[in-house]
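# Make a model of this:
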Amino acid sequence: MLLCIDAIGLRPRIEEMATRIASWGYVVLAPNTLYRSGTAAETRPTGDLHEPGAREAFMRGAMSRVSALTASRMRADAAAYLEALRERPAVAAGPLGVTGYCMGARLAVYAACERPDLVAACGGFHGGRLATDAPDSPHRGIASATAEFVFGHADQDASMSPDDVAELGRALRAAGLSASNEIYPGAAHGYTMSDTPMFHAEATERHFAELRALFARALGSAEPLG
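Numbering: from 1, shown residues only. Down below sits the predicted model:
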């Protein structure tokens, strides 16, 4: 499965998450989706984001990297990442899964829409700007997808309001797709990222449980649930 990272970059927390998902019996690819702006070492934090003001200062610099990831670039990248995953020797024939976090949730949705022949499961957690007025908003392409979707939105997230969540839900229903589109109470944007002050342990564990169940349904699992 493809793991689409957040704007903070490819770093130890992402490796921890990928390792946990791999323990369920999957091959996990977590690419440096910020490669246009630099290497993983160049685009991730060098200090502790729990320090007062550190996350905010880092994100001010990160937003230019996020802006460089236009919808057209995300769609092209998504297709390339899926092909790279398919070519890995350990990847069995059959459907693939994707999951994304913050900006990575947009990339995950684009992947499911670009390659409905490959992607059977798509998770998106504390995603931002998934349903906007823009013509290339991720929700507008969902009709071309065939995957089952599971979304876990952050409560009171400025980048994904309750109205936006409802609009995403309407797109999923109109496409006739199996989907869960839930708001996690008390969880902030970035709630899965334990290396930031946004971390919410309960919401993170809920996300892992729902993602694992999604993959088991849509992809099959090498490891039993429980």
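
# Taking the centroid of this structure, which residue is nearest it?
For the chain, the residue nearest the mean C-alpha position is residue 100 (0.6 Å; Cα atoms, centre = their mean).

# tell me how far the longest helix belonging to the chain is from the chain's mean position?
The single longest helix within the chain, with elements called by DSSP state H, is helix 201-219. Centroid separation for helix 201-219 versus its chain: 13 Å, with Cα atoms, centre = their mean, to the nearest Å.

# what does stretch 105-123 give?
10 Å.

# got the CA coordinates for it in CSV?
As requested, the backbone C-alpha atoms of stretch 105-123 are provided in CSV (Å, rounded to 0.1, in the frame of the first residue of the first chain):
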residue,chain,number,x,y,z
ALA,A,105,-5.1,12.7,2.0
ARG,A,106,-5.6,14.8,-1.2
LEU,A,107,-2.8,12.7,-2.9
ALA,A,108,-4.5,9.5,-1.7
VAL,A,109,-7.8,10.5,-3.2
TYR,A,110,-6.2,11.5,-6.4
ALA,A,111,-4.5,8.1,-6.5
ALA,A,112,-7.8,6.3,-6.1
CYS,A,113,-9.4,8.4,-8.9
GLU,A,114,-6.4,8.2,-11.3
ARG,A,115,-6.0,4.4,-11.1
PRO,A,116,-9.4,2.9,-10.2
ASP,A,117,-8.1,-0.3,-11.8
LEU,A,118,-5.4,-0.6,-9.1
VAL,A,119,-6.7,1.1,-5.9
ALA,A,120,-9.4,-0.8,-4.0
ALA,A,121,-9.0,0.9,-0.6
CYS,A,122,-8.4,4.6,0.2
GLY,A,123,-8.0,6.1,3.7
